[in-house]
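Trainee: sequence and predicted structure below; questions after.
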Amino acid sequence: MERRKVGILGATGMVGQRFIQLLHNHPWFEIAWLAASDRSSGKRYEDACRWKLDTPLPANIAGMTLMPNTPEGTPATELPKIIFAALDSDVAYELEPRFAAAGCAVISNSSAFRMTSDVPLVIPEVNADHLALIEKQSWRKDSGGYIVTNPNCSAIGLVLALKPIHDRFGIEKVFVSTMQAVSGAGYPGVASLDILGNVVPFIKNEEEKMQEEVGKLLGTLSGDHVAMLDAPLSAHCNRVAVEDGHTECVSLKLRTPATYEQMLEAWAEFAPLRGIHEGHPLPSAPDQPVEYVDQVDRPQPRLDRMRGKGMASTVGRLRPCSLFDWKFVVLSHNTIRGAAGAALLNAEILAMLDKLPGGKARSQNVPVALKA
């Protein structure tokens, strides 16, 4: 795969920092442009950013000058045509279409356009075929640009666990209660006196996002839109005093009965990305998207959030449910798999499908359904 130059919108925030961490020395992408709000543009990155991650700020990034966060703020010849966006939804709603109109592939972590009918909401292991929707976007027709989104941080880990179950047995109802890490609130996030020794049983718009997005992710591509999954989901979302890692307690009612062994088999055999990039693995794809742990007290954020380099969904405590059929616990890393890593994996599969500007994929081992 030829290396492509990329840019990051919202580069100084927590998700922007994760993008920098994950893109450093990436074999397919090279950071060439960073942008931030008016209060930071024009500054050196290391002067504008409070680096909060557990790896050093790369020296080549530290000295880069932050550009204005508009496509007009950079000469067209210097603006990368691949933009990773880590913006608040209200800002993204204004800016992301401007970059798409300028011919950029906008790989967004924002919620602004997730539920727009012609914008793909994608987890590559789950619904990569939905990427065909980019061809329906007006930006694609006019300039070649488009927007692709990844889901909410709490929806991603859940849907990875639900997908193989839904494919084999069908899902009729879902109940989920989340315990979400403080890093999901960004920096400085939740005030220490509000969260230490406490649980906050409210995260603005989180329950609504989960309930909508799961339906689109597990829905079926039908021409120019996605037919939503016909299964209600009820979510309770809570903020807890954990740094990284969202834990979710899930109960499922299935359309077809499944045994304990069949449930475990569905998760163990779920690795669809292997079949579409043999010999050309996606750099960020976990070998096993869903890992089951059979210890009675797992998964735990401290012990399990970095499975698959933070890109796997960890499941445990599968047992019968007295209200529905089965219940279990899901854990995923909210700023890696749930944010920057999810967008990066979307960009990688777009590159493999030759849907990204600035290079050519070498792998032709792609199913016809994804080439469409």
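Mentor: Nice, I can see it. Numbers count the residues shown, from 1 in each chain.

Trainee: contacting residues around stretch 254-272?
Mentor: Contacts of stretch 254-272 from elsewhere in the structure, counted by Cβ atoms under 8 Å, 6 or more residues apart in numbering, are 125, 161, 163-165, 167-172, 287-292, 315, 318, 325-326. For every residue, glycine as well, the C-beta is placed using N, CA and C.

Trainee: which residues does stretch 27-44 contact?
Mentor: Applying Cβ under 8 Å, 6+ apart, the external contacts of stretch 27-44 come out as 1-12, 16, 20, 23-24, 45, 48-49, 61-69, 73-74, 78-80, 82, 283, 344, 347-348, 351.

Trainee: break this protein into its domains for me.
Mentor: 4-151+340-371, 153-333 (automatic domain parsing).

Trainee: for these, give me TSV that also has mean pLDDT.
Mentor: Written out in TSV, the entries for the domains of the chain read as follows (pLDDT from 0 to 100):
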stretch	mean pLDDT
domain 4-151+340-371	93
domain 153-333	95
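
Trainee: could I get those domains as CSV with mean neighbour count?
Mentor: Shown next, in CSV, are the domains of the chain (neighbours: other Cβ atoms under 10 Å):
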stretch, mean neighbour count
domain 4-151+340-371, 19
domain 153-333, 18
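
Trainee: and stretch 143-151, C-alpha only, in CSV?
Mentor: Provided in CSV are the C-alpha atoms of stretch 143-151 (Å, rounded to 0.1, in the frame of the first residue of the first chain):
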residue,chain,number,x,y,z
SER,A,143,-15.7,17.0,-5.9
GLY,A,144,-14.9,13.4,-5.1
GLY,A,145,-15.1,14.1,-1.4
TYR,A,146,-17.3,12.3,1.1
ILE,A,147,-18.0,11.6,4.8
VAL,A,148,-17.7,8.3,6.5
THR,A,149,-18.5,7.9,10.3
ASN,A,150,-17.7,5.5,13.0
PRO,A,151,-20.2,4.9,15.8
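
Trainee: that one: how far from the chain's middle?
Mentor: When C-alpha coordinates are averaged (Cα atoms, centre = their mean, to the nearest Å), stretch 143-151 and its chain have centres 13 Å apart.

Trainee: and if you look at stretch 257-267?
Mentor: Relative to its chain's centre, stretch 257-267 lies at 26 Å (Cα atoms, centre = their mean).

Trainee: ok, back up a step: just the ones of the contacts of stretch 27-44 in strands?
Mentor: Filtering those for membership in strands, criterion DSSP state E, returns 4-9, 67-68, 82.

Trainee: list the contacts for Lys253?
Mentor: Residues counted as contacts of Lys253 (Cβ under 8 Å, 6+ apart) are 171-174, 324-325.

Trainee: which residues touch stretch 208-217?
Mentor: 111, 114-115, 121-123, 126-127, 151-152, 154-155, 158-159, 162, 174, 176, 178, 226, 228-229, 231, 233-235, 237.

Trainee: could you pull out the helices in the stretch 151-300 of the chain for me?
Mentor: 153-169, 192-195, 206-217, 260-268 (DSSP state H, counting those that start in this stretch).

Trainee: much appreciated, bye for now.
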